[in-house]
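Asks: coords please:
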Amino acid sequence: MDSESLRTFLAIHRHGGVTRAAAALFRSQPAVSRRLALLERELGMPLFERVPGGVELSEAGRALLPYAERALAALSDAEAAVRAVRSPGAGSVAVALVGTLAGTGLTPVLRGFAARHPGVELTLRTATSHEVSELVRRAEVGLGLRYGSGEAPELCHEPLFSERLVLVAAPDHPLAALPAPTLADLAGMGGMGGMRWITFPELPGRGEASAAYVRRAMEEAGVPEDRVLRIDSLTAQKRLVEAGFGIAMLPESGVQEELAAGSLAAVEVAGLAVAVPVTVVTRRDGFLGAAARTLLAELRAAAGDVAVTPLPRPSTSSAAPGSP
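Replies: Next comes the predicted model:
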């Protein structure tokens, strides 16, 4: 069993089939099939079962999976450690983060790090909170920035700061016209046309972490399940709210442009204060080079000052009719 066999096995699992794995690995389908066949022959058991649309892990494949991931992560650590010895003043740092966090004070921290360390290659990629943790766990990135924390024992989720969730509505929504709405007002408006809550779906192991905080807020407000519209895209949620299809609790950093433009109105509800922790994710026993450790230290140092970058709100004269 060698690293290429394990890499092929993981690619087939993650992409759901040999053909898609071959494309991801830039190899021919027959070459990937042969590599898998050799690995299965060596282990004496099939690692996948055919299902409609692709393959899924067999019992033996599920047993192999965590060891294959840890083995390849260890190899990645070994390569990074050697590169760090060879080029101590350079190196690279790969960071995965939830896209809406780019609107917080984390972006200046990352920009400042890149300016102070021109010899370090800083690469960024966006993902959902769950995907951020998975990318760190598989050693595809060294650091992750996400909402909430995961449960993988091999990961460390360290809180940096909290981001407020803002209740938003269309400027002409009846709720936006109330001077000081309360939770009772939210519960009592269920019969009004369009009074629906829009949120992320809570998919087992894959949903956006902020959805659980929104669910608890909706429970406080007495929102029945049939008044909840679950949409898996932040952009789609905002467009639906703008169109008057409902209200939503969204990360403040994700609605700054709409609030500034006046296409969304923030609704301050007495007794409804929700904040989601933003955490930095690392592998518990993983290798972090000098550049990654420096960036981690800078993120920790800046945590107390990191906040949503305020944008100018539209003046009262330019607000939409019916808005406060």
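
Asks: output the helix or strand residue 122 falls within as CSV, restricted to C-alpha atoms.
Replies: Using DSSP states H and E, residue 122 sits in strand 121-126. Extracted C-alpha coordinates of strand 121-126, given in CSV (Å, rounded to 0.1, in the frame of the first residue of the first chain):
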residue,chain,number,x,y,z
GLU,A,121,2.9,32.8,-0.5
LEU,A,122,-0.5,33.3,1.1
THR,A,123,-3.4,31.4,-0.7
LEU,A,124,-7.1,31.7,0.2
ARG,A,125,-10.1,29.6,-0.6
THR,A,126,-13.7,29.9,0.5
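
Asks: mind giving me the packing neighbours of that strand?
Replies: Packing partners of strand 121-126 (3 or more Cβ pairs under 8 Å, 6 or more residues apart in numbering; DSSP states H and E): strand 92-97, helix 106-116. Where C-beta positions appear, they are placed from N, C-alpha and C, glycine not excepted.

Asks: do that again at 10 Å, thanks
Replies: When contacts are defined as 3 or more Cβ pairs under 10 Å, 6 or more residues apart in numbering; DSSP states H and E, strand 121-126 packs onto strand 92-97, helix 106-116, helix 129-137, strand 143-147, helix 290-302.

Asks: and it with helix 290-302, angle?
Replies: Interaxial angle of strand 121-126 relative to helix 290-302 (axes from the mean of the first three to the mean of the last three Cα atoms, to 10 degrees): 60 degrees.

Asks: what comes up buried for strand 121-126?
Replies: residue 122 (16 or more other Cβ atoms under 10 Å).

Asks: also stretch 66-77?
Replies: Buried residues in stretch 66-77 (16+ other Cβ under 10 Å): 68-73, 76-77.

Asks: with pLDDT as added columns, please give these in JSON lines.
Replies: Output for these, formatted as JSON lines (pLDDT from 0 to 100):
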{"residue": "68", "pLDDT": "90"}
{"residue": "69", "pLDDT": "87"}
{"residue": "70", "pLDDT": "85"}
{"residue": "71", "pLDDT": "88"}
{"residue": "72", "pLDDT": "87"}
{"residue": "73", "pLDDT": "85"}
{"residue": "76", "pLDDT": "83"}
{"residue": "77", "pLDDT": "78"}
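
Asks: tell me which of these fall in strands.
Replies: Counting by DSSP state E, those place none of their members in strands.

Asks: mind putting these into a markdown table with distance to residue 136?
Replies: Formatted as a markdown table, the buried residues of stretch 66-77 follow (distance: Cβ to Cβ, whole Å):
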| residue | distance to residue 136 |
| --- | --- |
| 68 | 17 |
| 69 | 12 |
| 70 | 13 |
| 71 | 17 |
| 72 | 14 |
| 73 | 10 |
| 76 | 12 |
| 77 | 12 |
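
Asks: so of those, which ones are in helices?
Replies: 68-73, 76-77 (DSSP state H).

Asks: hang on, the earlier thing: deepest of the helices and strands packed on strand 121-126, which one?
Replies: strand 143-147 (a mean of 26; mean count of other Cβ atoms under 10 Å).

Asks: and that one, what does it pack against?
Replies: Under the contact criterion of 3+ Cβ pairs under 10 Å, 6+ apart, strand 143-147 touches strand 92-97, helix 106-116, strand 121-126, helix 129-137, strand 155-169, helix 210-220, strand 274-283, helix 290-302.

Asks: rank the ones you listed by pLDDT, which is bottom?
Replies: When these are ranked by mean pLDDT, helix 210-220 comes last with a mean of 78.

Asks: what angle separates that helix from strand 143-147?
Replies: Counting by the same axes, to 10 degrees, helix 210-220 points 20 degrees away from the direction of strand 143-147.

Asks: what packs against helix 210-220?
Replies: The contact analysis (3+ Cβ pairs under 10 Å, 6+ apart) places helix 210-220 against strand 143-147, strand 155-169, helix 183-188, strand 197-199, strand 228-230, strand 247-251, strand 274-283.
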